[in-house]
Structures are given as C-alpha cells and as structure tokens.
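Chemist: need a 3D model of the following:
(4 chains)
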Protein chains: 2
Amino acid sequence: MTRRVTIADIAAAAGVSKGAVSYALNGRPGVSETTRTKILAIAAEMGFVPNRAARSLSVSSAQAVGIALRRSARTLGIEPYFMELISGIEATLSAGSFGLTLQIVDTVDVELEVYRRWWAERRVDGVLLCDVGTDDRRLDFVADLGLPAVAVGGPVEGARLPAVWHDDAEPCREILEYLHALGHRRVARVAGFEHLLHTAIRDRSYADTAAGLELEAMETFHSDYTGEQGARITRRILSSAKRPTAIIFDNDVMAVAGLGVAHELGIRVPDELSIVAWDDSPLCRLTHPALTSLTRDITAYGSQCAEVLLSVIGAAPSPIDERAFSVQFRPAQLSPRGSTGPARP
Amino acid sequence: MTRRVTIADIAAAAGVSKGAVSYALNGRPGVSETTRTKILAIAAEMGFVPNRAARSLSVSSAQAVGIALRRSARTLGIEPYFMELISGIEATLSAGSFGLTLQIVDTVDVELEVYRRWWAERRVDGVLLCDVGTDDRRLDFVADLGLPAVAVGGPVEGARLPAVWHDDAEPCREILEYLHALGHRRVARVAGFEHLLHTAIRDRSYADTAAGLELEAMETFHSDYTGEQGARITRRILSSAKRPTAIIFDNDVMAVAGLGVAHELGIRVPDELSIVAWDDSPLCRLTHPALTSLTRDITAYGSQCAEVLLSVIGAAPSPIDERAFSVQFRPAQLSPRGSTGPARP
DNA sequence: CTGAAAGCGCTTACAG
DNA sequence: CTGAAAGCGCTTACAG
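Modeler: Down below sits the predicted model:
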C-alpha cells in the first residue's frame, strides 16, 4: 500500500506547478498541448486519482446525489420497484461519476432533517424525492432550503421543482375498458396509500371511467402495499355477497397475495376471478397463472429522473430546458396474461 | 437561503479563535468549560453543521462506507434479501453518522475498479463485500489495496479480512432430517450460483446428511436465483420418471416460482410435493399454501456486518476484538408452514 | 503559456 | 487555557 499520489507529486515529476497539473487534468486552457500530454502521461503512470474531499472543498460540490427512502425495511425489501428504480438512477449517476448516498428514514420529520443536514454538510448536491404525496411538505421544504431536487412522480401543481412522472390516468382507463370488454361489470380495486399522489390520480381516473362505462360496481380499498394487507382485503372482498368478477391491485406484491387468497378460497383464476397487477416485475410471471399487469420500464424511469436532477444541479451533459419542469415519461402498457379472462356470470 | 455558517463565523461571534471552536465542538480538551458552553450555544443558535469535505480533507476520512452490488437490476429488484440487508447496514451506519455509498456493477473487474477508485479518492473508508465466492479475487484485492473491508459471508479460509457469516451447514441438516421424518426419501434441491461460498457449504452439508440418512435420491441443480430458472428447473424435476416428493429451494423467489409450476402441472402441495425455501421473506407468506422456510434476521445481520466494518475502520463505539476475524451470526431457523407435509408414496 | 499564491473549511501540533 | 499558524489536496483568479 503506497502513499496516495497528489497533484504535488505530479507537478514535481513533470517540473511544473500544481496549477498547471490541475489545468491539464481538467482539460482547461492554460497549458500548452505538449505540457498537457506530458502531465497526463505522468498522472496515468503514477495512477493518480483526485481526492474527492479536496475537490469538493474547492468547487463546493459533493459530486453525489442523495435518496432518503421512507419505507419500512420489509416493504422496501419485497417491492421490486425500489431496487429497479435505484438501479436506473445509479446507472446515470455513475456515468456522470456522481455517487449515490442512500438513507432509510422512519418519518417525514426525520426525512426533512436528513435533507437539511445533507445540504448543510454539502454531502449531496441534490436529492430525489420518492413517493410524492398529494400534499407533500417536502416539496416546499427543499425549495426553501435551496437544495436542488426532483420529484419522482407527479404532475405536481404549482411545484417549485421539476417532476418526472408517468400519466397514470390513461392506463387506468385502459384496464377498465379491457375488463369491461371481457364482460366484467363488478370490479374491485386494492389501492395503495391514499395520501400518495399517484393513488389519488388513479382513484379519480377509475371513478370517472367506471361512471362512463356504467359499471354495476367499482369499489376501492386503500392499503399499505404489503402482501398481508393485500391478502386481508382480498379475503374480505371475495367473501362479500355479490363478489366482484375482477380485482385490480395497485402493486405486484398485493396481486400475488390476492391470487394466493383466491387459491385458498378455491376460487379459480381466471375462470371465476380476473386479476390485474400494476408494476410488472418478474414476480408477476412466477405465479400460476401469470398475472396480467401494467408494464413500466422502471429502470429507465430512474435513469430519466437522475438525468433531470443532474441537469438541475448543472452537471448534465446536455442541460434540459429550464422550463421543462414537468417531464412526462412513457405511460405503463397493459400486458395481458393468464390471470384475466371473460367474466362468467 | 442563507450563506453556510462556518467555524470562522462562530469564532467571530464568540470572540475566540477557530481552533477553540473546533476543540469545543469536538469535545476535546483545550478550552475551558465556560468557553465551551458559550461556543456550543452560539453554534446551535447559528445552526452550524460542519462541512463534510473540509472535515474529510483534514482527518482524511470519508465518513462513508461503500457497497458495490454485482447483480442485475432484475435480480436485485426481486430478491428481498438485498434491500433488507442494506436496510440493516444503513441503520448502523447512520447511527454512527456514516453515509452509505451504493454502486451497481456488471462484472468483477468493474467491481475491483470501483474499489480502487473509491479508495484512491477516499470516497469511502471501507467496503462491505457481498456474495462471497469460493475463490474470491476480491478478498486479496482489497487487502492488497489496504482498503478496510468485511466479507458478508463465510467462513473464509486464510482470509486477510474479517467475515460475518451464518452457519449454513446446520440448517441444511435440520431441513433434511425434518423431511426425512416426514417420510420423504427422494429429495431435489434447486441451488444458487455454484461459485458462491454458501452454495458450496450447503452442497456439502446436504450431501453428507443425505448419505447419513440413506436417502434414495438427493439431487442438486444449480441456478441463478431468478424465478425463470427456478421454474424451468422445477418443471424438469417434476417431469422426471421418479419425481421427488420434496424440493428445497435456495431462495424465496425460486420457491415461489416452483410452487407456481406445481400448480401448473396439477401437482398438489403439500399432498404430492413438499416445498422448502431459504430466506423467509414476506414473499413466503403471500402464497397458498404459505412456504415452509428458513428464517434469518437479515436486517440484524446487515447491522452486524456494518458494526464490524466500523470497528475495522476504527469508528465503532466499542471496537471488536481484532482477532475476531470470523464473526458467526445466529443460524437460520426452520419455520414450518403449509407447503410441507408427510410424504405419500 | 506559465508560476506563485490565495482560498475552500476544517483539524491539530506548537508556542505563549 | 488560549491564539496564531500550518496543513489536508485540490481549484482558480491574478500577475508575469
């Protein structure tokens, strides 16, 4: 283990000043081509890697982006969504040689405190806000702080920061029209947290579409995305006198749990019950029958979010138009599989 | 958004030197109690938070730990294991006000390169090595680099770095004896990557135990942990002439997929087939029947790993004995559920 | 095009 | 107990 090599070492070896080394390394004017080439060769040979802290201190930028996730370990673990999202985010960040700092928090208050500290410490240059709510304190908080941020979800009305989102309303219409075409007239829905923005958007879209299609019943039950609650609610739904012929679940985990409950009650899928899942993860193809689901490229979505954040921070290769405060990502696509079929009255 | 407050501001306000402020803030001798109290009050009032980069540059420590995950986004997303592990790691780190830097890599070579860069940049003070292999280049690599590291898995023979691991052999015996007691004589196993250390340990333990119990058949198939492969292999196993009456899966995802295949083939679980899963995640309780599985507290395991790493780095509250190079974590417990039952010949 | 110097915001020996 | 100063390893105006 040899001592770290610094620009001072390179300067000494090349017989130039530290300033010249810095200019050469960063591809800035101020050194002749021959000097630059020579310096670069020496730096490479000595295996030079700039010290982050020193660089950060000089340019007052952390070269890192933060994410605080406010979900329990159990939810985080089982929902494929987050790891896919993080994976996409990470790909973009590391391409721009930005680091990703992750913290898991319990409450909004802790989350806000984390943002305050990160920004005060300059540990991050910006943050990504996940799980955007209908009335989200975090948006104004980070804006007031001056902390660059991007909302992973939307659209956010009157937002002071950019949002990257999918149109959730359209896929909801598509699902309901599809089920209607299959003859389903009594549909139930197991939704996610009521306070989340995309839940509210879906709530409205289903209600509007159901009204237009003149469905007999379209009932929504809110839950916490866990399999436990998904199973419990499904059990209740399927035990009712006039049970629905189709259930739509707001995530894959609850849909898998719902399918388990149908098996448990001896209700055949899709003959007696059709099931649709949001968020097509490999999970949806593990079951028998495989689950009809709404496919989104969450990894690509994560990458897009990170790109917008880098552009806000001012580190993106091609800065996105400043007025592009609301970036719409391609909507989810319905992938019909074995869990949906014609309604049998 | 006000300007950041620095120790210079506090020094000016308190009428002392920057050095005195630093001593006061860090609880070190060099200032009188009255001065210290006064300085702390002013710092709190001004909302002082030390700049990370400056601190890191001075003490040459990043106050951060790194994890490079070499798994595809899809595997990472669906396996609850990683998020639970990370969640546990994170809890310990943030308690010690250490950050977590995450990077997802494609190949070992990229992974090694990430470690080299992180350490050269002093972006991290140490790393956690996941997915320890039977012949793992990374162990010597980080040791040569002088980069503090802890292996998340083991035991590692002749290791130059600490390892935190569970005894995998004992639970394997327990499963097999349990199945044997239920009357199973033909057992198959869908294992994980062959090159992983814990896979090798389980391979040996199953083989030894099977020999002792004089099972009729104990066959192992290696896979990549995905549901796709789990399903494919299960299909093949269940299509053989003398199919086994029990299958053990090395992770939860493959077990769920295997259960799906059994449904697909009209094989009743547990009447005609018993299924056991390693790694009890909520996933195992979503299915019908629920899966008998090996429960480990992965979050606690992650915390333990982080603690050992912090102690290696020298930042832990109570440093772990230096000779404690191999820390054994409590072994997995068998949780019998609906997916296992007596063998019916 | 190049060099010497100041500065980023901390920590830490070293004198008084 | 306290202050003035040097240093961590970079970047960046500012003179030559």
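Chemist: in the stretch 101-250 of chain A, what residue is nearest DNA strand C?
Modeler: Nearest residue of the stretch 101-250 of chain A to DNA strand C: residue A:122, at 8.0 Å (C-beta to the nearest atom of the strand). Just so you know, the C-beta spots here come from the backbone N, C-alpha and C atoms, and that holds for glycine as well.
Chemist: give me the pLDDT value at that residue.
Modeler: Residue A:122 is assigned 92 on the pLDDT scale.
Chemist: is it true that it touches residue B:50?
Modeler: No: using C-beta atoms under 8 Å, residue A:122 is not in contact with residue B:50; the gap is 10.0 Å.
Chemist: higher neighbour count, the two?
Modeler: residue A:122 (20 against 16; other C-beta atoms under 10 Å in any protein chain shown).
Chemist: contacting residues for that one?
Modeler: With contact taken as C-beta atoms under 8 Å, 6 or more residues apart in numbering or on different chains, residue A:122 is in contact with A:56, A:60-62, B:4, B:51-53.
Chemist: take those and write them to a markdown table, including secondary structure, neighbour count and pLDDT.
Modeler: Below are the contacts of residue A:122 laid out as a markdown table (DSSP: H, G, I helix; E, B strand; the rest coil; neighbours: other C-beta atoms under 10 Å in any protein chain shown; pLDDT from 0 to 100):
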| residue | secondary structure | neighbour count | pLDDT |
| --- | --- | --- | --- |
| A:56 | helix | 23 | 91 |
| A:60 | coil | 12 | 87 |
| A:61 | coil | 17 | 90 |
| A:62 | coil | 26 | 92 |
| B:4 | coil | 15 | 78 |
| B:51 | coil | 20 | 91 |
| B:52 | helix | 25 | 91 |
| B:53 | helix | 25 | 91 |
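Chemist: in TSV, list these along with distance to DNA strand D.
Modeler: Shown next, in TSV, are these (distance: C-beta to the nearest atom of the strand, whole Å):
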residue	distance to DNA strand D
A:56	8
A:60	9
A:61	9
A:62	13
B:4	16
B:51	11
B:52	12
B:53	8
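Chemist: ok, so of the residues you listed, who is nearest DNA strand C?
Modeler: Nearest to DNA strand C among the contacts of residue A:122, with distances taken as C-beta to the nearest atom of the strand, is residue B:51, at 3.6 Å.
Chemist: domain map for chain A?
Modeler: A:7-50, A:64-166+A:299-329, A:169-295 (automatic domain parsing).
Chemist: Throw those into CSV and include distance to residue B:177, thanks.
Modeler: As requested, the domains of chain A are arranged in CSV below (distance: least, C-beta to C-beta, whole Å):
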stretch, distance to residue B:177
domain A:7-50, 53
domain A:64-166+A:299-329, 29
domain A:169-295, 29
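Chemist: between those domains, which one is nearest to residue A:343?
Modeler: domain A:169-295 (3.8 Å; C-beta to C-beta).
Chemist: that closest one: end-to-end distance?
Modeler: Start and end residues of domain A:169-295 are separated by 15 Å (C-alpha to C-alpha, to the nearest Å).
Chemist: contacts (any at all) between chain B and that domain?
Modeler: Yes: judged by C-beta under 8 Å from any C-beta of the partner chain, domain A:169-295 comes into contact with chain B at A:226-228, A:230-231, A:253, A:256-257, A:260-261, A:263-264, A:281-283, A:285-288.
Chemist: out of the residues you listed, which sit inside strands?
Modeler: The strands, defined by DSSP state E, take in nothing from the residues of domain A:169-295 next to chain B.
Chemist: quick one, helices of the stretch 51-200 of chain A?
Modeler: A:52-59, A:73-78, A:80-95, A:108-121, A:137-145, A:169-181, A:197-213 (DSSP state H, counting those that start in this stretch).
Chemist: quick one: residue A:118 from residue B:50, how far?
Modeler: 13 Å (C-beta to C-beta, to the nearest Å).
Chemist: hmm, I typed the wrong one, I wanted residue A:262.
Modeler: 56 Å.
Chemist: cool, residue A:44 as well?
Modeler: Counting by C-beta to C-beta - residue A:44 and residue B:50 are separated by 35 Å.
Chemist: phi, psi of the residue of the stretch 1-150 of chain A found nearest DNA strand C?
Modeler: DNA strand C sits closest to residue A:19 of the stretch 1-150 of chain A, with a gap of 2.8 Å, by C-beta to the nearest atom of the strand. Note on residue A:19: its backbone torsions stand at phi -60, psi -50 [degrees, to the nearest 10].
Chemist: could you do the one 3 residues further on as well?
Modeler: The phi and psi torsions at residue A:22 (degrees, to the nearest 10) take the values phi -60, psi -50.
Chemist: tell me, how many residues neighbour the residue of the stretch 1-150 of chain A closest to DNA strand C?
Modeler: 12.
Chemist: check contacts around it.
Modeler: residue A:30.
Chemist: residues in contact with the lowest-mean-pLDDT helix or strand in chain A?
Modeler: One helix or strand of chain A scores below all others by mean pLDDT, DSSP states H and E: helix A:73-78, with a mean of 73. Residues outside helix A:73-78 that contact it (C-beta under 8 Å, 6+ apart) are A:69, A:82, A:104, A:224-227, A:253, B:80-84, B:87-88, B:281-283, B:299.
Chemist: now the residue nearest in space to the middle of chain A: how far from chain B?
Modeler: Residue closest to the mean C-alpha point of chain A, counted by C-alpha atoms, centre = their mean, is residue A:85 at 4.4 Å. Distance, residue A:85 to chain B, by C-beta to the nearest C-beta, to the nearest Å: 9 Å.
Chemist: and stretch A:110-127, is it in reach of DNA strand D?
Modeler: No: on the criterion C-beta under 7 Å from any atom of the strand, stretch A:110-127 is out of touch with DNA strand D, staying 12.9 Å away.
Chemist: could you pull out the buried residues of that stretch?
Modeler: By 16 or more other C-beta atoms under 10 Å in any protein chain shown, the buried positions in stretch A:110-127 come out as A:111-112, A:114-116, A:118-127.
Chemist: output it as PDB, nothing but the C-alphas.
Modeler: C-alpha atoms of stretch A:110-127 as PDB (Å, rounded to 0.1, in the frame of the first residue of the first chain):
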ATOM      1  CA  VAL A 110     -36.600  12.600  10.100                       C
ATOM      2  CA  GLU A 111     -36.500  12.800   6.300                       C
ATOM      3  CA  LEU A 112     -36.700  16.600   6.300                       C
ATOM      4  CA  GLU A 113     -33.900  16.600   8.900                       C
ATOM      5  CA  VAL A 114     -31.800  14.400   6.700                       C
ATOM      6  CA  TYR A 115     -32.200  16.800   3.800                       C
ATOM      7  CA  ARG A 116     -31.300  19.800   6.000                       C
ATOM      8  CA  ARG A 117     -28.200  18.000   7.200                       C
ATOM      9  CA  TRP A 118     -27.100  16.700   3.900                       C
ATOM     10  CA  TRP A 119     -27.300  20.100   2.400                       C
ATOM     11  CA  ALA A 120     -25.700  21.900   5.300                       C
ATOM     12  CA  GLU A 121     -22.800  19.400   5.200                       C
ATOM     13  CA  ARG A 122     -22.800  19.600   1.400                       C
ATOM     14  CA  ARG A 123     -22.800  15.800   1.400                       C
ATOM     15  CA  VAL A 124     -25.000  15.900  -1.600                       C
ATOM     16  CA  ASP A 125     -25.600  18.300  -4.500                       C
ATOM     17  CA  GLY A 126     -29.200  17.300  -4.800                       C
ATOM     18  CA  VAL A 127     -31.900  14.800  -3.900                       C
END
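Chemist: residue A:241: neighbouring residues, count only.
Modeler: 4.
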